[in-house]
Each structure stands twice: as C-alpha cells, then as structure tokens.
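# Next one to model:
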Amino acid sequence: MSNLSVFKWLTGVLAVLCTGVMCIGMVSAVMLSSPDVVKPGEEVSIFIGNIGAGDPFQIDIIGNIKIDAGSFFSFKLNKLNLPLDIANPTLRVYINGLVPDSKLNVSVNQKKYNEVFDTADSTGLYDYLIVRSGMPKGIYNVEINGTAAKTQVPVTFSITGTNTNAEPLAESTFSISGFSSGTFDVKTYVKNLAQPVERKQFTVQDQFIATK
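Okay, the predicted model is just below:
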C-alpha cells in the first residue's frame, strides 16, 4: 500500500472521529484496498465516505484476465457487500476476447436477480445491461463463464444508480477468483459520473504461479 493511500485513509478516519461520524471533511470518497497483489479469493475493501441521499453513484471493477487461448474460464466476484440502497440501478457486464459466437453465462444471485444465458457476438464481444427498479444493500455474488479466444480477456462489472440513504462512511468488501492471474482497476464515482473520485489498481495472482 502506498504512503499516499495510507495518508488518505487516515485523513478520512480522523475526520470522522473528530466530527462524531457525521461527515468526512472535504473528502467525498476514500478507498483502501488490500495489498497491491492479492491471491484469488482474498478480500478487497472499499471505503466510501460522505455520500448523500439522492447522490448518483457508480462503481467499476475493470479487469484483464490472463488465460490460455481456447480455454474455458470463470470470473467470480464473491460476496460483494453492497452497503448502499441503490435506486434504479443498472448492472453492466462487459467481456471481450471471447470465441466469436460462443455461449457464456452470467449470474447475479440475490433475491430476484436471475441467471442470464447469452452469446458473444461475431467479434467475441459481450456487453450486457441488467436494469432493475432497485438494488438493496446486501451480499451479491457474480459469476461469468466463457471461452477465451485470446490470452488476455478484458472484463468489466459496474453498478450505476442513485443512493437513497445518506452514509457518512460505508465499507464494501469483495473477493475475485476463478482464474490464476489478472490485473484490476476499481473506480468509484459520486455525484459526477464522468470523473472518478478515487481508484485503486491491484493484481490478482495465484501464489504458486507468483513464486515460480
């Protein structure tokens, strides 16, 4: 973890303590992740501060999975703890580098979120939007299965919507698994969805492969 990340986190926490957990000073969002390299299944944390009721909100989890071309792969976002109640959410699943016209499935399991089966297009791209009236705070599990045409498969999972209840400090946790190696960039947006308020880059790396 960089010194800058530590400073940002400490600044946010101290501001919360000094104001009785009513705000985070001038900081609109604070992000802290696990170390820059995590093992598959190791937990990552995101801290979101000073988000008001009615504020537009978005989180992007953007990855690049390294895999053998022609092989079947899984991308699993495990136990995504969503600490906010999101109104009118849109979930986006984007995957590129698939075998053209190949079958894949995407599952988002929480109450009425059902499994979706689909097909990559003729270029190997899959870009799907799931629109709902609401996404309550809770635990979500996302799994994407497909067949890679290339050695690197770009994957994006994002949630966009409107926060319904003010939160002075909210923590979201999740882990990523299903493959041995990949790089990820997590971005959070509050109010202005054109400009991320914070981002964190990290690598998911199997320990055995990392020490070879």
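# tell me the SS of Ala87?
At Ala87 the chain is in strand, as set by DSSP: H, G, I helix; E, B strand; the rest coil.
# Who are the contact partners of the residue nearest to it when sequence neighbours are not counted?
Spatial nearest neighbour of Ala87, excluding adjacent residues (Cβ to Cβ, 6 or more residues apart in numbering): Thr162 at 4.5 Å. Quick note: C-beta positions are derived from backbone N, CA and C, even for glycine. With contacts defined as Cβ atoms under 8 Å, 6 or more residues apart in numbering, the neighbours of Thr162 are 54-57, 86-88.
# Distance check, Ser175 against Lys137.
Ser175 sits at a distance of 18 Å from Lys137 (criterion: Cβ to Cβ, to the nearest Å).
# Oh, that last question was meant for Lys76, not what I typed.
Lys76 is 21 Å from Lys137, where distance means Cβ to Cβ.
# do Val204 as well
From Val204 over to Lys137 the distance is 25 Å, taken as Cβ to Cβ.
# Those two: which is more packed in?
For Val204 and Lys137, the more surrounded residue by other Cβ atoms under 10 Å is Val204, and the numbers stand at 24 against 16.
# list the contacts for that one?
37-40, 63, 176-177, 179, 181-184.
# Show me the beta-bridge partners of it.
Legend: beta-bridge partners of Val204 under DSSP bridges are Val38, Gly182.
# What of Val44?
Phe174.
# Can you show me the helices along this protein?
Along the chain, counting by DSSP state H, helices occupy 3-18, 207-210.
# quick one, strands of this protein?
Taking DSSP state E as the criterion, the chain carries its strands at 37-38, 43-51, 56-66, 72-82, 86-95, 103-109, 116-119, 126-131, 134-135, 138-147, 152-163, 167-177, 181-190, 198-205.
# Could you check how far the residue lying closest to Ser172 once chain neighbours are set aside is from Val37?
Leaving aside its sequence neighbours, Ser172 sits nearest to Ile46 (Cβ to Cβ, 6+ apart; 4.5 Å). Plainly put, Ile46 is 17 Å away from Val37 if you go by Cβ to Cβ.
# The two: who's more crowded?
More crowded of Ile46 and Val37, by other Cβ under 10 Å: Ile46, with 22 against 13.
# Just the pLDDT for that one.
Here, the pLDDT recorded for Ile46 equals 82.
# pretty sure it contacts Val186?
Yes. Here Ile46 lies in contact with Val186, judged by Cβ atoms under 8 Å, at a distance of 6.6 Å.
# any low-confidence regions in the chain?
For the chain, the stretches with pLDDT under 70 are 1-34, 110-117, 208-212.
# which residue is nearest the middle of it?
Residue closest to the mean C-alpha point of the chain, counted by Cα atoms, centre = their mean, is Ile61 at 3.3 Å.
# Contact partners for the closest residue in space to that one that isn't next to it in sequence?
Counting by Cβ to Cβ, 6+ apart, Ile61 lies nearest to Phe157, which is 4.8 Å off, once chain neighbours are set aside. By Cβ under 8 Å, 6+ apart, Phe157 lies in contact with 60-61, 77, 91-94, 142, 144.
# Distance of Phe157 relative to Gly49?
Per Cβ to Cβ, Phe157 is found 22 Å from Gly49.
# for Lys76, same thing?
28 Å.
# Same question for Gly182.
Distance from Gly182 to Gly49, by Cβ to Cβ: 28 Å.
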